[in-house]
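[1] got a predicted model here, sequence first, then my questions.
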Amino acid sequence: MAATSVARMANVLTGGCNCGAVRYEVSGPLTGATYCHCKRCQRRSGAAASPSAHPAPGTFRITKGEHVLRCWAPDDGGEKWFCSLCGSSIYAQRRDGSGTIGIRMGTFDNDPGVRPGSHVWCESAAAWEPIPDDGLPRYPRTTGAGVEPRTS
Ligand SMILES: [Zn+2]
Ligand SMILES: [Zn+2]
């Protein structure tokens, strides 16, 4: 393999669902990540909070299984895409044309390189698991910076 392709591949992040039907790649560094404590993320993931990482515009693409991806898009929220074969949540995307995407961090094959930098939708945080005292900023709803998909 040519040295240039090795260098290119080293910068490509990959991930996918539990059953392997859906695969994706991110061709550039992620710009950040967020813990979301909204009730919809709690139902979707079964967990108290859901961490999502944000790719730079145009760097995220589905490489396999687009036909088995399904989406739940509530009237007042973003599109939540998941594998229809195994149920794994893959990513969310705003519908306002901003192109902002949140990739579910647990679906990356390896360390995605970024760490969550804030907690959003803290007003609906689970009673049974306090938000950890990790020093990160907490927002009742969104950060207001438009970096996280509206998932609530
Ligand atoms: Zn799957
Ligand atoms: Zn959420």
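    Now that the structure is in, tell me what you want to look at. Just so it is clear, the structure is predicted and the values come from calculations on it, not from any experiment. Residues are numbered from 1 along each chain as shown. Ligands and ions are numbered 1, 2, ... in the order given.

[2] angles on the backbone of Leu13, please.
    Phi and psi for Leu13, reported as degrees, to the nearest 10, are phi -90, psi 140.

[3] what pLDDT does it get?
    For Leu13, the model assigns a pLDDT of 97.

[4] check contacts around it.
    Counting by CB atoms under 8 Å, 6 or more residues apart in numbering, Leu13 touches Glu25, Val26, Leu30, Phe108, Asp109, Asn110, Pro112, Gly113. C-beta: built from backbone N, CA, C; applies to glycine.

[5] measure it to ligand 1 for me?
    Distance of Leu13 to ligand 1, given as CB to the ion, to the nearest Å: 18 Å.

[6] tell me the bridge partners for that residue.
    Beta bridges link Leu13 to Val26, judged by DSSP bridges.

[7] pick out the residue closest to the middle of this protein.
    Computing the C-alpha centroid of the chain and ranking residues by CA atoms, centre = their mean puts Ile103 first, at 2.3 Å.

[8] may I ask which helix or strand encompasses it?
    Per DSSP states H and E: Ile103 is located in strand 101-104.

[9] tell me where the chain has helices.
    Residue ranges of the helices in the chain, as given by DSSP state H, are 3-10, 39-45.

[10] mean pLDDT for those helices: which is lowest?
    Among these, helix 3-10 carries the lowest mean pLDDT, at a mean of 55.

[11] show me just the buried residues among the contacts of Leu13.
    When the contacts of Leu13 are checked for burial by 16 or more other CB atoms under 10 Å, the buried set is Glu25, Val26, Leu30, Phe108, Pro112.
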